[in-house]
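> Sharing a sequence plus its predicted fold:
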Amino acid sequence: MVISEISRTDAQIAETEATVAHNYAPLPVVIERGEGAWGTDVEGRRYLDLLAAYSALNFGHRHPRLVAAAHSQLDQLTLTSRAFHNDLLGTFAAELASLCGMDVVLPMNTGAEAVETAIKLARKWGYERKGVPADRATIVVMGGNFHGRTTTIVSFSDDPVARDGFGPFTPGFLRVPFGDAAAVEAAIDDDTVAVLLEPIQGEAGVIIPPDGFLREVRRVCSERDVLMLADEIQSGLGRTGRTFACDHEAVVPDVYILGKALGGGIVPLSAVVARREMMEVFQPGVHGSTFGGNPLACAVGLEVIAMLRTGEFQARAAALGVVLADTLASFSDARVSGFRARGLWAGIDVVGRTGREVCEGLARRGVLAKDTHGATIRLAPPLVIERHELEWALEQLRDELAA
Ligand SMILES: *Cc1c(COP(=O)(O)O)cnc(C)c1O
C-alpha cells in the first residue's frame, strides 16, 4: 500500500481542527501570503479575495502605505496604555472626527467593543441628559441585525445560532423590522435613548433598506430626542462608494460606530465618534480599554484616514460597483433568485445549491467568497481590485453557478 504524503494544506487544517475551538467552519484553503486583492496558499495557489476579511481589508492585503506606516511606528512606540499620553492619539482623533464631521473620538479595538461603547454612551446620555429614570433606558434595534458577539450584543440578536445557549440576556432592547420607519417611530417612548442600526446590513446578506428609511429614522430621532447610532463597521470607510453608507441618504447620525477597515487590515482598531456634548458623559474611570488608542493602531488609522481623504477608494468602489451590479443583473435567473448591491458590496441569493457549496466551488476556481445564512453569497472585494480582476472573478462565479 502506498501511503501518500499528506499535503501542507491538509496538515495545517488537521492541526487547526485539533487545537482551535470550532467556532468557525473555514473553507479548506490555507493562506500564507497576501498582496493587494490576492492571497497565496501554502501550495502556491493564488486566490482573488472577494471577502476582504468582511471589509477589514478594504485597502487590500499589505497596502504599501499602511505597511510603511506600521513599520515606522514599530520602530518608535507601540503601546503606552491610556495612563499616559502618546504623541499620535490626539492627531488620530482630530483627523477621524473631522472625517466624520464630528468632534470627539473614543478609541477601542474590536467592533463589538465599539458597539458596547455606543450602548453605554446612549444609556448614560439618556439618564444624565434626557432624564430617563434609572435602569429604564431602552434602545430600538433592527430585525436581522449583526453588531458583534458579546453577551449584551447577542441579547438583541434574532439569530438563534448567535444567541441560543448564552442567556440570561441583557434587557433594554426593542427589535423592529429593518427598513420599517413607522415601526421605529411606534417603538419609541419616553424611555427610549437610541436607535441602533446598520445603514446596510452586511451579515444579514447585504440588505439595503428602502430609500428614505435612514432619513425617516433621522427625522424621528431628532423629533423625539433619541440618539441615532449608525454601526458603519462593515458598511463604512469606502465600501459602498461613499465614505459612509449613511451618505447615500445625506444622513448624519448622532454617533458613528467604526471598526474593521479603520485598522487597515493590520491591527484591530475601532472607534465611537460623536459630538462633544454627547461624549461628555464619559468621565475618567467610567469606561476604558488597555489597548484602545495605542500608537501603533493610531499610526495605521491615520494613514487609513489620509487614504480615504483622497476620495480615490470611494470613487473606485462606486465605479466598480456599477460593473458588479450590471454583471450580476446579467446572470440567468435559473441559479440566482435575487441580489442586492451597493458599491463594491453584494449579496447574491442562490437556488439549487447552498451558498457554502458555491463558495467551495469558487475556491477551487481561485476565488474566495463567503456564504451567509445558507443561500446567500456575500461579495466584498478589496477596493484596490482592478476592473479586469473583478470581471474575471465574476466570470468564475457565473461558471460556478452554471456548473
Ligand atoms: C463585524 C461587525 C461587528 C463586530 O466587529 P468585531 O470586530 O468582529 O467585533 C459589528 N457590527 C458590524 C456591522 C459588523 O459587520
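In hand now; what should we look at?

> show me the contacts for N109.
N109 sits next to 268-270, 289, 291-292, 297 when contact means Cβ atoms under 8 Å, 6 or more residues apart in numbering. The way it works is simple: take the backbone N, C-alpha and C, and place the C-beta from them, glycine included.

> do that again at 10 Å, thanks
Contact analysis of N109 by Cβ atoms under 10 Å, 6 or more residues apart in numbering lists 259, 263, 267-271, 289-294, 297.

> which one of those residues is nearest the ligand?
Distance to the ligand, by Cβ to the nearest ligand atom, is smallest for G259 among those, at 5.0 Å.

> Of the contacts of N109, grab the buried ones for PyMOL.
To isolate the buried ones among these in PyMOL, judged by 16 or more other Cβ atoms under 10 Å, type:
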select buried, resi 259+263+267+268+269+270+271+289+291+292+293+294+297
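
> Switch the contacts of N109 over to TSV; also include secondary structure and distance to the ligand.
Output for those, formatted as TSV (DSSP: H, G, I helix; E, B strand; the rest coil; distance: Cβ to the nearest ligand atom, whole Å):
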residue	secondary structure	distance to the ligand
G259	coil	5
G263	helix	9
V267	coil	12
P268	coil	7
L269	coil	10
S270	strand	6
A271	strand	12
S289	coil	13
T290	coil	16
F291	coil	13
G292	coil	13
G293	coil	16
N294	coil	16
A297	helix	13
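
> Make a markdown table out of the contacts of N109 and add distance to G34 and pLDDT.
As requested, the contacts of N109 are arranged in a markdown table below (distance: Cβ to Cβ, whole Å; pLDDT from 0 to 100):
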| residue | distance to G34 | pLDDT |
| --- | --- | --- |
| G259 | 20 | 98 |
| G263 | 15 | 98 |
| V267 | 15 | 98 |
| P268 | 17 | 98 |
| L269 | 18 | 98 |
| S270 | 22 | 98 |
| A271 | 25 | 99 |
| S289 | 28 | 98 |
| T290 | 28 | 98 |
| F291 | 23 | 98 |
| G292 | 26 | 98 |
| G293 | 27 | 98 |
| N294 | 23 | 98 |
| A297 | 20 | 98 |
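
> hmm, which two among the contacts of N109 are most spread apart?
G259 and T290 (17.1 Å; Cβ to Cβ).

> Wasn't T40 part of a strand?
Yes - under DSSP: H, G, I helix; E, B strand; the rest coil, T40 falls within a strand.

> And for R387, the neighbour number?
R387: 11 surrounding residues under other Cβ atoms under 10 Å.

> same deal with T16?
Around T16 there are 13 residues (other Cβ under 10 Å).

> How much space separates C359 from the ligand?
Using Cβ to the nearest ligand atom, to the nearest Å, C359 is found at 18 Å from the ligand.

> hang on, I meant V384
Taking Cβ to the nearest ligand atom, one finds V384 at 20 Å from the ligand.

> Helix, strand, or coil at that residue?
V384 - assigned by three-state DSSP - is coil.

> One more: the one 5 residues further on?
Per three-state DSSP, the secondary structure class of E389 is helix.

> Quick check: it touching L324?
No - at 11.9 Å, E389 does not count as touching L324 under the criterion of Cβ atoms under 10 Å.

> higher neighbour count, those two?
Higher neighbour count among E389 and L324: L324, with 25 against 19, using other Cβ under 10 Å.

> Okay, and that one sits in which element?
helix 312-329 (DSSP states H and E).

> which parts of that helix are buried?
Across helix 312-329, burial judged by 16+ other Cβ under 10 Å covers 313-314, 316-318, 320-321, 324-325, 327-328.

> Then stretch 57-73?
Buried residues in stretch 57-73, defined by neighbour count with 16+ other Cβ under 10 Å: 57-63, 66-67, 69-70, 73.

> got a pLDDT number for the closest residue to the ligand within the chain?
The minimum distance from the chain to the ligand, using Cβ to the nearest ligand atom, falls at G111 (2.2 Å). With respect to pLDDT, G111 scores 98.

> Kindly report the same for H373.
pLDDT at H373 comes out at 89.

> That one contacts G144, doesn't it?
Yes - contact criterion Cβ under 10 Å: H373 and G144 qualify, at 9.0 Å.

> So between these two, which is more surrounded?
A count of neighbours by other Cβ under 10 Å puts G144 above the other of H373 and G144, at 19 against 15.

> Make TSV out of the buried residues of stretch 57-73 and add secondary structure.
Output for the buried residues of stretch 57-73, formatted as TSV (three-state DSSP):
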residue	secondary structure
L57	coil
N58	coil
F59	coil
G60	coil
H61	strand
R62	coil
H63	coil
L66	helix
V67	helix
A69	helix
A70	helix
Q73	helix
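
> any idea which helix or strand of this structure has the worst average confidence?
strand 370-372 (a mean of 93; mean pLDDT, DSSP states H and E).

> just to revisit the earlier point, for the buried residues of helix 312-329, which one is nearest S81?
Nearest to S81 out of the buried residues of helix 312-329 is F313 (Cβ to Cβ; 32.0 Å).

> What segments of this structure are helices?
8-19, 52-55, 64-74, 89-100, 111-125, 151-155, 160-163, 181-187, 213-224, 276-279, 295-309, 312-329, 355-364, 387-402 (DSSP state H).

> Nearest residue to K124 in space, please, no chain neighbours.
Nearest non-adjacent residue to K124, counting by Cβ to Cβ, 6 or more residues apart in numbering: V281, 4.1 Å away.

> List the residues that contact that neighbour.
120-129, 274, 287.
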